[in-house]
Each structure stands twice: as structure tokens, then as C-alpha cells.
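Here is the input, now give the coordinates:
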Amino acid sequence: MASSKGALPKSAHKALPVSANLANLLPTGTVFAFQAVIPSLSNNGRCELAHKYMTLGIIIICSLACFLSSFTDSFVGKDGKFYYGIAIPKGLYVFNDEHGDGLDVENDLEDRKMLEKYRLTAIDFVHACCSLTLFLVMACSSFDVQGCFFPEPAGPNADAVMTNLPLLAGILASGLFMLFPTKRRGIGYAEKPDWGDRKKDKQGQKTGDKETLGKPKVDDSNYLQEP
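Predicted coordinates:
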């Protein structure tokens with residue numbers, strides 16, 4: 001017999017605003033997709049057996065997406081094309097590298113060295129585990145998921161844990177993200193080309209700006225006057 005929403009524990013209502021803040025630390029598309037489909041798949045918390053399987057399936061899929069997104073990166077090549085891929089121990093495995101593009105990993109040493117900068121690191125696993133844990137906490141704090149898998153009211157201890165767990169998880173993950181920052185931009189966030197020597201380009205730009213500011217302005221008004 002499926003239970004109604006009124007039988008849900010108070011922790012489901014109290015944890016909802018806090019767990020919503022966890023979405024700021026997770027991939028936006030994955031969180032939006034989960035929040036969009038979970039009411040339908042879980043039948044708004046009134047689950048039959050089929051709803052439980054579908055709810056569990058979407059939780060697993062979104063969890064994998066949050067975990068793997070920590071290893072994705074993107075950049076704009078010297079040909080102006082947007083490239084994206086996933087980090088591997090040797091560098092970045094590009095998904096959309098087609099024949100005839102400006103990116104030539106096999107023959108161009110500069111391109112090969114540029115992709116090696118995106119190789120897999122230990123910090124990637126820290127962010128991936130944090131993202132996975134945060135999503136599971138957010139999913140378990142969801143009104144519909146609790147109604148589907150935990151319909152019976154729990155004791156005061158369980159309510160206290162479920163109420164404060166999203167807050168504690170968010171604080172812990174934020175601290176880890178600050179201690180171990182990542183340079184990964186994910187897919188879709190690259191704005192500038194990632195080739196050449198950026199330091200030299202910036203220094204040259206600053207030098208050019210200083211020279212421009214140091215030059216005196218020429219008064220052209222005298223040249224415009226008629227004799």
C-alpha cells in the first residue's frame with residue numbers, strides 16, 4: 001500500500017531548502033534533469049514497485065554523471081574550434097576531434113604537449129568523490145525519494161540526521177573544494193584558446209598598454225585649419 005505525502009517525516013520538509021543549496025556545488029545539467037524527472041518517476045513519492053526501480057535507475061545514472069563530470073574538460077583550439085573530452089593518465093581524450101581539424105595530436109608536438117596538461121590527477125578523484133557524495137545526499141533528502149523508499153516515519157534520531165546531513169555535507173565539500181581547487185572547466189565553459197604561451201601574451205599585452213599610455217597625444221587641430 002503506497003503511503004501519502006502527509007506520512008513523510010519532518011526531516012523531508014526541513015532538509016529540502018538546505019539540500020537545494022547543494023545544487024550550487026554539482027553539475028547544473030545533471031541536477032536540473034534529476035529535479036525535473038524525479039516527481040514523475042517516483043509518482044510524487046507514492047511509489048509502486050515499478051516506480052521504485054525507475055527512481056533507483058535515475059539516481060544511479062545521475063550519480064555516474066556527477067562522478068564522471070569531474071574528469072571532463074574543454075578548450076578552444078588554435079583553429080578556433082571548441083574541443084571537449086575526458087581526462088586520462090596520458091592527457092585529455094578528445095571526443096570531437098575529426099579528420100582535417102586543426103588539432104593534430106599524432107604529428108604536432110605542440111598539440112600533444114598541450115593535451116598532456118589535462119592529464120588525470122589525484123585532485124580529480126577528490127572532486128569526483130565529493131560530487132558523488134553530495135548528489136546522493138541531495139537525492140536522499142528529496143521529498144519524493146524519501147516518500148518512495150522511506151515511507152514510514154522514522155525516530156527522532158533519524159530525523160535529526162536527515163535534517164542536518166545536507167548542511168554538514170555542503171560545509172565539508174566546500175572546504176575540500178577550497179583546499180583542493182581544480183582547473184577543470186567541464187564541457188561548455190572554455191572561452192579562450194588554450195595554446196601558445198599565455199604568460200608571454202599577457203606580458204606583451206601589458207607592455208603594449210604601457211607604451212600606448214606613455215605616448216603623448218598629438219593635437220591634430222592645427223593640421224585641420226585652412227591657411
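
Would you map the strands across this protein?
72-76, 82-88, 91-94 (DSSP state E).

so what strands line up beside the last one?
According to DSSP bridges, strand 91-94 forms sheet pairs with strand 82-88 (antiparallel).

Pop out the phi and psi values for residue 27.
Main-chain dihedrals, residue 27, degrees, to the nearest 10: phi -60, psi 130.

Contact partners for it?
Contacts for residue 27 (CB atoms under 8 Å, 6 or more residues apart in numbering) come out as 65, 66, 69, 131, 186. The way it works is simple: take the backbone N, C-alpha and C, and place the C-beta from them, glycine included.

still on that earlier bit, just the strands of the chain: most buried one?
Each of the strands of the chain was scored by mean neighbour count; the highest is strand 72-76, a mean of 21, by mean count of other CB atoms under 10 Å.

pLDDT of that strand, averaged?
Averaged across strand 72-76, pLDDT comes to 86.

again with stretch 82-93
The average pLDDT within stretch 82-93 is 88.

contacting residues around it?
Residues outside stretch 82-93 that contact it (CB under 8 Å, 6+ apart) are 68, 71-77, 94-97, 103, 112, 115-121, 124, 184, 187-188, 190.

Output it as CSV, nothing but the C-alphas.
The C-alpha trace of stretch 82-93 is given here as CSV (Å, rounded to 0.1, in the frame of the first residue of the first chain):
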residue,chain,number,x,y,z
PHE,A,82,35.6,24.1,-29.4
TYR,A,83,37.1,20.8,-28.2
TYR,A,84,36.0,18.7,-25.2
GLY,A,85,36.9,15.4,-23.7
ILE,A,86,37.7,13.4,-20.6
ALA,A,87,41.0,13.3,-18.7
ILE,A,88,43.1,10.1,-18.9
PRO,A,89,46.6,9.4,-17.4
LYS,A,90,48.3,10.5,-20.6
GLY,A,91,46.3,13.7,-21.1
LEU,A,92,42.9,14.6,-22.5
TYR,A,93,41.0,12.2,-24.7
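
What's the ChimeraX line that selects buried ones from the contacts of stretch 82-93?
A single ChimeraX command is used to select the members of these judged buried by 16 or more other CB atoms under 10 Å:
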select :71,72,73,74,75,77,94,97,103,115,118,121,124,184,187,190
